[in-house]
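**Student:** Could you look at this predicted model? Sequence included:
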Amino acid sequence: MTRVLGLFAPHRRRVSLLLLTILVGSVAGTAAPFLVKFVFDRALFPPGGHPRLGVLELLIGLIMILVVLTGVLQIVETYLSTRIGQLVMHDLREQLYAHLREMSLGFFAGSRTGEIQSRLSNDVGGVGQLVSSGLITMAANGAILIASLVAMAVLAWPLAALSVPILFTFAFFAFRAGRVQRRYVQASQETLAEMSSIAQETLSVSGALLGKVFDRHRSALDRYRESSRRLVELRVRQQLVGKLVLGTAQTFFLLGPAVVYLAAGIAISDGAHYTTGTVVAVSALLVRLFTPVSSLLSTSIQLQASGAIFDRIFEYLDLPHEISDAPDARTLAKTDIRGHVSFQDVWFRYTSAPVAGATRREWTLREVTLEVERGQLAALVGPSGAGKTTLSYLAARLYDVERGAVRIDGVDVRGIRLASLADLIGMVTQETYLFHSTIRENLLYGRPDAARGEVEAAARLAFIHDRILELPGGYDTVVGERGYRLSGGEKQRLAIARVILKDPRILILDEATSSLDTISERFVQRALQPLMAERTTIAIAHRLSTILAADVIFVLDDGRLVERGTHEELVASGRLYSQLYEEQFLNQGSVSTTGAAIAEPRQAVGS
């Protein structure tokens with residue numbers, strides 16, 4: 001609860017003004033029953049027996065002023081509470097989104113996209129009512145409750161005492177109901193997350209295509225229907241728990257005036273002195289208690305239930321950032337970087353198993369030491385699962401090594417600011433990601449401040465400018481989700497243009513042409529030539545035709561560096577590289593250095 005209240009700290013001035021409005025409004029509202037007492041005792045039925053019209057008019061006028069004042073204060077209170085609540089919700093959404101954006105690649109690799117989206121939308125939305133109005137309403141109704149009880153005690157404390165056991169009884173049942181409802185809310189949010197994941201997986205372009213090809217619509221619908229029905233049952237039970245307590249409270253408070261009349265009659269018959277105005281005022285205050293009490297009961301139940309949702313939100317906010325800037329991290333200017341990359345005795349694994357007793361398979365990389373000189377084209381090859389892509393991730397510091405170090409120009413990447421490192425390194429991967437936006441906006445993602453001419457120049461270098469102009473909207477053509485309206489080769493050339501625009505000093509090509517047809521591959525290879533010029537390039541490839549002219553080739557197998565050298569040297573060695581070469585070229589009867597498609601029985605996909 002302390003942490004939830006802490007969300008209001010940045011808005012303390014508005015909160016203070018709101019609390020002052022609540023205080024004035026509760027006092028003004030409590031004054032009305034006292035005026036009613038005076039109406040009965042001093043104006044309608046005064047001691048002399050005749051109504052005093054002048055006093056009655058004055059009192060009625062005061063009551064009208066109080067009613068208008070209370071209405072105005074309620075409007076101000078509603079505005080302030082809504083404003084504060086929405087600002088707090090904005091802060092919470094922004095804080096959660098910003099925190100998740102800083103999470104490491106490992107977090108996203110191990111999380112379902114639908115689950116993450118559910119935390120941002122369903123969970124934050126699930127506490128929206130409580131944050132935007134519930135807590136503020138709780139404070140307002142608490143003030144009204146206290147003021148009304150004090151007023152009742154001042155008028156006739158024996159009659160006011162009748163309400164105390166009722167209040168304690170309802171507080172007890174509200175606490176019990178809140179604990180039960182919390183379990184239902186927890187289950188409801190988990191079900192919503194499951195539904196979001198199903199929808200995200202099956203209603204995306206790729207998911208829809210897969211469902212149509214394999215005719216799995218019925219299966220997806222059954223899963224979604226089952227989760228939706230479970231959510232219906234949970235929501236019904238969740239509502240019934242609270243309404244049972246509130247309904248009972250309403251019954252008691254509606255019967256309250258009759259209880260007051262009976263108690264007053266018994267007391268008067270025993271010699272007590274209560275005027276008509278006192279009895280009417282106390283009964284009016286008792287009825288007035290129903291609204292704050294019922295609201296407090298509802299909010300307290302909601303608060304306890306929302307604790308389960310806050311737990312889910314704070315669980316994400318408490319996740320540590322595994323990859324972050326060190327306190328003494330440096331900013332390296334792109335113009336000062338030569339582009340020398342070295343891996344020194346690198347050990348890495350995706351599992352969290354301890355080093356002691358670790359088996360060979362637990363380590364993705366072991367004892368890897370290699371250097372890529374400035375301006376070199378270095379190729380990483382090897383069977384699937386050898387650790388090629390993992391090396392590229394470590395160079396870009398998408399993960400941190402467990403042992404050893406990765407250095408750029410002799411500086412450990414862990415000592416370079418992440419923003420600076422991202423500016424130094426550009427990546428073109430096998431799976432090109434494009435946003436559901438225009439071609440221009442996708443290209444500007446590489447450098448938002450680039451001028452129109454620079455964007456078009458980058459597109460020309462990537463051999464995609466002419467193709468863009470052929471599209472109906474040119475550079476303003478919307479590419480669709482993940483660039484689905486473009487071919488694989490066109491998407492890759494856009495990705496290359498985006499990196500050209502970024503102008504990195506170190507380039508990583510992660511099997512950038514492996515999924516393309518022969519013609520598209522040739523276009524992409526032509527686009528890569530200006531991109532690799534005067535840059536240090538690390539290319540991961542299983543099509544050896546794309547790296548025959550590499551300055552140095554590093555061969556990985558089972559997480560270890562097993563060979564290094566030029567193409568001619570490695571073929572002559574007769575070891576693993578030579579075997580890969582024979583499988584891809586000699587056994588297939590095809591030797592090509594132009595990037596033609598080659599069938600390979602043993603694909604060396606990056607891992």
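**Tutor:** Everything's here; your move. Worth saying up front: this structure is predicted, and the values here are computed from it rather than measured.
**Student:** gap between F40 and V27?
**Tutor:** Taking CB to CB, to the nearest Å as the measure, F40 falls 22 Å from V27. In short, each C-beta sits where N, CA and C put it, glycine included.
**Student:** make that L44, sorry
**Tutor:** Counting by CB to CB, the gap from L44 to V27 is 25 Å.
**Student:** A405 should be in a strand, yeah?
**Tutor:** Yes - per DSSP: H, G, I helix; E, B strand; the rest coil, A405 lies within a strand segment.
**Student:** what about it, neighbour count?
**Tutor:** 17 (other CB atoms under 10 Å).
**Student:** Would you agree it is in contact with G415?
**Tutor:** No - the pair A405 / G415 is not scored as a contact, 9.5 Å apart, by CB atoms under 8 Å.
**Student:** Of all residues in this protein, which one is nearest the centre?
**Tutor:** For the chain, the residue nearest the mean C-alpha position is L120 (3.7 Å; CA atoms, centre = their mean).
**Student:** Tell me the pLDDT of that one.
**Tutor:** Note for L120: predicted pLDDT of 78.
**Student:** and it, helix, strand or coil?
**Tutor:** helix.
**Student:** Please apply the same query to E534.
**Tutor:** E534 is classified as coil under three-state DSSP.
**Student:** so the closest residue in space to it that isn't next to it in sequence is in which element?
**Tutor:** Of all residues not flanking E534 in the chain, G375 sits nearest, at 6.3 Å (CB to CB, 6 or more residues apart in numbering). Here G375 is covered by no helix or strand, with elements defined by DSSP states H and E.
**Student:** separation between E511 and A549?
**Tutor:** With CB to CB as the criterion, E511 and A549 are 17 Å apart.
**Student:** let me redo that: R52
**Tutor:** Taking CB to CB, one finds R52 at 110 Å from A549.
**Student:** Have a look at those two and say which one is more surrounded.
**Tutor:** R52 (15 against 10).
**Student:** By mean pLDDT, flag the weakest helix or strand of the protein.
**Tutor:** Here the helix or strand of the chain ranked lowest by mean pLDDT, DSSP states H and E is helix 205-214, holding a mean of 56.
**Student:** what distance separates the start and the end of stretch 459-467?
**Tutor:** 10 Å (CA to CA, to the nearest Å).
**Student:** so how far is that stretch off the chain centroid?
**Tutor:** Taking CA atoms, centre = their mean, to the nearest Å, one finds stretch 459-467 lying 36 Å from the centre of the chain it belongs to.
**Student:** Show me what counts as buried in it.
**Tutor:** For stretch 459-467, burial by neighbour count (16 or more other CB atoms under 10 Å) applies to A459, R460, L461, A462, F463, I464, H465, R467.
**Student:** check contacts around L285.
**Tutor:** Each residue near L285 by CB atoms under 8 Å, 6 or more residues apart in numbering is listed here: T30, P33, S148, A151, M152, L155.
**Student:** on that earlier part again, do you know how far the residue nearest to the centre of the chain is from G265?
**Tutor:** 60 Å.
**Student:** Near R13, how many residues? Count them for me, please.
**Tutor:** 8.
**Student:** For it, pull up the helix or strand it's in.
**Tutor:** helix 12-38.
**Student:** quick check, distance from the following helix or strand past that helix to the centre of its chain.
**Tutor:** Later in the chain than helix 12-38, the nearest helix or strand by DSSP H and E is helix 53-101. Helix 53-101 sits 30 Å away from the centroid of its parent chain (CA atoms, centre = their mean).
**Student:** Go through the helix or strand just after helix 53-101 and flag the buried ones.
**Tutor:** As assigned by DSSP H and E, the chain's next helix or strand after helix 53-101 is helix 105-109. Buried positions in helix 105-109, judged by neighbour count with 16+ other CB under 10 Å: F107.
**Student:** for the record, mean pLDDT for stretch 237-257?
**Tutor:** 64.
**Student:** Then stretch 446-459?
**Tutor:** Rounded mean pLDDT across stretch 446-459 is 89.
**Student:** Between the two ends of that stretch, how far is it?
**Tutor:** Start-to-end span of stretch 446-459 (CA to CA) is 12 Å.
**Student:** And F40 and V27? Which one has more around it.
**Tutor:** F40 (18 against 14).
**Student:** And for the closest residue to the more buried one other than its chain neighbours, the neighbour number?
**Tutor:** Of all residues not flanking F40 in the chain, G277 sits nearest, at 3.4 Å (CB to CB, 6+ apart). Counted with other CB under 10 Å, the neighbours of G277 add up to 22.
**Student:** what do you get for R237?
**Tutor:** So R237, with other CB under 10 Å, has 15 neighbours.
**Student:** That one and P530: what is the separation?
**Tutor:** 64 Å.
**Student:** for V411, same thing?
**Tutor:** 28 Å.
**Student:** and what of L69?
**Tutor:** 74 Å.
**Student:** so where's the stretch 51-200 of the chain uncertain?
**Tutor:** Within the stretch 51-200 of the chain, the ranges that satisfy pLDDT under 70 run 129-130, 132-136, 159-160, 162-163, 166-167, 169-179, 181, 200.
**Student:** ditto for the stretch 301-450 of the chain
**Tutor:** Residues of the stretch 301-450 of the chain that meet the cut-off, pLDDT under 70, sit at 301-305, 351-361.
**Student:** ranges for the strands of it?
**Tutor:** Secondary structure of the stretch 301-450 of the chain (DSSP state E, counting those that start in this stretch): strands at 341-348, 365-372, 377-381, 403-408, 411-412, 425-429.
**Student:** For these, give me CSV that also has distance to R83.
**Tutor:** Below are the strands of the stretch 301-450 of the chain laid out as CSV (distance: least, CB to CB, whole Å):
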stretch, distance to R83
strand 341-348, 49
strand 365-372, 53
strand 377-381, 56
strand 403-408, 48
strand 411-412, 48
strand 425-429, 44
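**Student:** Can you tell me which of those is most buried?
**Tutor:** Burial of these is given as mean neighbour count (mean count of other CB atoms under 10 Å); strand 377-381 ranks first at a mean of 24.
**Student:** what comes into contact with it?
**Tutor:** 370, 372, 388, 391-392, 532, 536-542, 544, 547, 549-556, 577, 580, 604, 606.
**Student:** part of a helix, is the residue nearest to F40?
**Tutor:** Yes - looking at G277 with three-state DSSP, it is inside a helix.
**Student:** Quick check: it touching A43?
**Tutor:** No - between G277 and A43 there is no contact under CB under 8 Å: 9.4 Å.
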